[in-house]
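# no FASTA, just this:
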């Protein structure tokens, strides 16, 4: 089981809930299961989010492996200048 | 030697990387041969011009283009009707490139013409009759959040109970909240970050400082205006030559807006005369394509400077409140902030990133940041170097400066005491890996600038800053030429010297001379998709892909050597620019140099090339610390920057001169932001200073030589340890200069820009309070 924390807009969409436990072997599976667990998040997940795994930010790497030992934090989709 | 393209080794010794060869685009740029966006021309091309709203907010009742269309020499006139909404397109971008029913800001495009020359096009614009009904407008972020503000997009955003909005008084618990009926507003979003319990934390504090701050919108100030030439053929095939940070983005967005297959549009990027984030979206490109499609001829559109200011994206203006509590020894016990950023007429201000960066430099157990994204009657904001971060750093670092003063602590020591390091849980959530903030603080403290004694009316400021750094989709090809030189094809536009850096990494990996590698920026039909050159990602991502593409080529070259020698491929290794037998058992063959392998390529299997495509991840965050000395003239309020030092973690500087250039450029843009630059709106909501005469960017005589120190804490996510460097350098300057001014004259600047009249007024206020 993965522990997934939410940040920013995602907390608003999840009705103030900041943490979820979901199954998933990689980012894609984790996001899919998170959307099923909390359908209110689905539009944001579809639009795109950033995922911080042990401090590294992943914007699109859906196949990045995940395990229960990882610190997983969902953040808003980010862009730079 | 690892030939496996997936081997994540961290190299620490280099021959080419870290040297400072001449820039490959230098001669062309200083001789005027370099071709920028407006330099491209096609036979029979037309001139495209855009009619823009003179009103900040107005209903467009009708547009009559008949007189313009009848003017001899006019080949096409378009309005929003010529760019119908396509399924799945970005509606905000669609509305921004051409108003649909409502003009949302001064300068919003309303119609466009293509004519045989600029004179005819200008006459045609004057013949277009637009019937406006002027509406109430709002350009200030605080005003836009009030219940009685004119609402730009009625019904679009969730209704808001205005009495629950956080502001300084609410968060401090000084004001009783009341409930009210939720109503539509200009608030597009509210975001919260943080952890712990700030309210409890503040109870442990020996000193608490809280203040409100405001910054004005500033423009990226790139010297080259937006320019493009579009050519759409009668068979629907299209080409676009354009100055942009993201040709693949331009291709995909334009195709989406115009209902084209992506394969029918080829985009070629020009040299770029500055972007800094402002060229990461489209403005004129789809308009030029739509004009060309209608006229059946190529159309060139070049923005005037006024159009650049009025109709492209500056950064947000901001209204902020920050509160920090500390123990007597300087340890921060709690931090709290409310950030309100207006992002122009559409949602999407960088307030979330401003919120995430605000306290990222510090190890805080109790921290909360609330951010509001607000729409106003201003042009849609665009990214500007570390979007959102300089403003929040201005407020946070200003409060830290005041806490240091109150505690009598050295400005660097208080930051060292609280600095984020490996293992720190950041204020925005993730735990940091290896980062270099402490190293930048220590290097700044050891620098000679920090020891210079200051004179009368002189002061010193310190500030630190953070930026995430990004990676992303990248695709690189490297082709071995017949003479053993190499052509490197990149898909990321060179906005900061990346061609030289890529050539250095390719040369390093191959063990050959830098001069033997030449990089080009390919068009969108020649390489796979590449993300925009943004987010300080290019040297990291394209560098990673270049290294991997070269390793791919090395495998192939070793394979050819194996064939020539008649030994197994795994019995060949690559060293110092040549294939060698891997050991004595492989045979006693003299090395085959890259030139010898290239000369025999045709006879041994055909052309040799390496390729790599990746959605790169693992860009390490970057921290910087700046130190600034200023002198203030108490009679005029004018300020002079005496010394300025940038210390920043680059992970590994591939081409140190370019890295230093990025440090210096960010600092100078930040100095402009704090001292002079601002969007100035009249009472009618129109921009009053849409030109470089009235919008003053710093020039060389305004700043000293910017001193730099490159700190290198390797990023484990890159084979050479690279971190992005382009953005962090603009984060600290606003606070750094403001803290220096405070030190010089005892006046804390909390509203930017700190123009001479504003400084003078503050000085007079201090004098009056003492009288």
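Yep, that arrived. Small disclaimer: the values here were computed from a predicted structure and weren't measured.
# and residue 59, how many neighbours?
Just going to use chain A. 23 (other CB atoms under 10 Å in any protein chain shown). All C-beta atoms are positioned from the backbone trio N, CA, C, and that covers glycine.
# nope, chain B
13.
# what strands line up against the helix or strand containing it, and which way round?
Secondary structure assigned from DSSP states H and E places residue B:59 in strand B:58-64. Paired strands of strand B:58-64, with direction, are strand B:102-103 (antiparallel), strand B:129-134 (antiparallel) (DSSP bridges).
# need the residues of chain A near chain B, please.
Neighbours of chain B within chain A, by CB under 8 Å from any CB of the partner chain: A:5, A:7-9, A:11-12, A:52, A:54-61, A:64, A:71, A:73, A:75-76, A:78-81.
# same for the helix or strand hosting residue B:769, what does it pack against?
Counting by DSSP H and E, the element that carries residue B:769 is helix B:756-770. Helix B:756-770 is packed against helix B:733-745, with contacts defined by 3 or more CB pairs under 8 Å, 6 or more residues apart in numbering or on different chains; DSSP states H and E.
# show residues contacting the helix or strand bottoming out on mean pLDDT in chain A.
Scoring the helices and strands of chain A by mean pLDDT, DSSP states H and E places helix A:9-13 at the bottom, with a mean of 84. Helix A:9-13 is contacted from outside by A:17-18, A:40-41, A:43-44, A:49, A:74-76, B:189-192, B:352, using CB atoms under 8 Å, 6 or more residues apart in numbering or on different chains.
# which ChimeraX command selects the buried ones in those residues?
Restricted to buried positions by 16 or more other CB atoms under 10 Å in any protein chain shown, the ChimeraX selection for these reads:
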select /A:41,44,49,74,75,76 /B:189,190,191,192,352
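# for the contacts of helix A:9-13, which one is nearest residue B:759?
Distance to residue B:759 across these (CB to CB) is lowest for residue B:352, with 32.2 Å.
# picking up where we left off before, name the next helix or strand downstream of the least confident helix or strand of chain A, please.
Criterion used, DSSP H and E; the element after helix A:9-13 is strand A:19-22.
# buried residues in the least confident helix or strand of chain A, which are they?
A:9, A:10, A:11, A:12, A:13.
# which one of those residues sits closest to residue B:535?
Nearest to residue B:535 among the buried residues of helix A:9-13, counting by CB to CB, is residue A:9 at 19.0 Å.
# where do the helices sit along chain A?
Ranges of helices within chain A are A:9-13, A:27-37, A:42-47, based on DSSP state H.
# to residue B:419, which of these lies closest?
Among those, if distance is taken as CB to CB, the winner is helix A:9-13, at 27.3 Å.
# picking up where we left off before, now do the very next helix or strand once past the strand holding residue B:59: everything it contacts.
Toward the C-terminus, strand B:58-64 is succeeded by helix B:66-70 as the next helix or strand (DSSP H and E). Applying CB under 8 Å, 6+ apart, the set of residues contacting helix B:66-70 from outside is B:74, B:77, B:113, B:124, B:125, B:127, B:128, B:129.
# give me the subset of those residues lying in helices.
Mapping those onto helices (DSSP H) picks out B:124, B:125, B:127.
# neighbours of the nearest residue to residue B:401 once chain neighbours are set aside, how many?
Excluding the flanking residues, the one nearest residue B:401 by CB to CB, 6 or more residues apart in numbering or on different chains is residue B:739, at 4.1 Å. Residues near residue B:739, counting by other CB under 10 Å, number 31.
# and the pLDDT for residue B:739?
According to the prediction, residue B:739 has pLDDT 96.
# tell me how far it lies from chain A.
Distance, residue B:739 to chain A, by CB to the nearest CB, to the nearest Å: 24 Å.
# next: residue B:203.
23 Å.
# determine the number of other residues adjacent to that residue.
By other CB under 10 Å, neighbour count at residue B:203 equals 12.
# again, but for residue B:119
11.
# and the stretch 651-771 of chain B, which residues reach chain A?
B:717, B:726, B:727.
# so the second one: helix, strand or coil?
If I follow you right, that is residue B:726. The three-state label given to residue B:726 by DSSP: H, G, I helix; E, B strand; the rest coil is coil.
# indicate the residue of the stretch 201-350 of chain B located nearest to chain A.
Nearest to chain A in the stretch 201-350 of chain B, going by CB to the nearest CB, is residue B:277, at a distance of 2.5 Å.
# nearest residue to that residue in space, please, no chain neighbours.
Ranked by CB to CB, 6+ apart and with sequence neighbours excluded, the top spatial neighbour of residue B:277 is residue A:81, at 2.5 Å.
# residue for residue, what is the longest helix chain B has?
Longest helix in chain B, counting residues (DSSP H): helix B:538-565.
# for that helix, buried residues please.
For helix B:538-565, by 16+ other CB under 10 Å, it's B:538-562, B:564-565.
# nearest to residue B:364, out of the helices of chain A?
Judging the helices of chain A by CB to CB, what sits closest to residue B:364 is helix A:9-13, at 18.4 Å.
# show me the residues of chain A next to chain B that map onto strands.
A:5, A:52, A:56, A:57, A:58, A:73, A:75, A:76 (DSSP state E).
# what is the least confident helix or strand in chain B?
When the helices and strands of chain B are scored by mean pLDDT, DSSP H and E, helix B:168-172 comes last with a mean of 58.
# helix or strand right after it?
strand B:187-195.
# outside of that following strand, which residues touch it?
Counting by CB under 8 Å, 6+ apart, A:7-9, A:11-12, A:76, B:145, B:157, B:160, B:165, B:343, B:347-349, B:351-352, B:355-356, B:365-375, B:425, B:427-429 sit against strand B:187-195.
# run the chain-centre distance for it.
Its chain's C-alpha centre and that of strand B:187-195 lie 22 Å apart, by CA atoms, centre = their mean, to the nearest Å.
# repeat for stretch B:733-741
21 Å.
# can you tell if the longest helix of chain B touches chain A?
No: using CB under 8 Å from any CB, we find that helix B:538-565 stays clear of chain A, coming within 10.5 Å at best.
# that older thread, residues contacting the residue nearest to residue B:277?
Contacts of residue A:81 by CB under 8 Å, 6+ apart are B:220, B:276-278, B:280, B:383-387, B:534-535, B:726-727.
# try residue B:79
Contacts of residue B:79 by CB under 8 Å, 6+ apart are B:63, B:65, B:98, B:110, B:111.
# quick one, the helix holding residue B:769 and helix B:733-745 angle?
40 degrees (axes from the mean of the first three to the mean of the last three CA atoms, to 10 degrees).
# so for helix B:756-770, mean pLDDT?
pLDDT averaged over helix B:756-770 gives 87.
# may I see the buried residues of it?
B:756, B:759, B:760, B:762, B:763.
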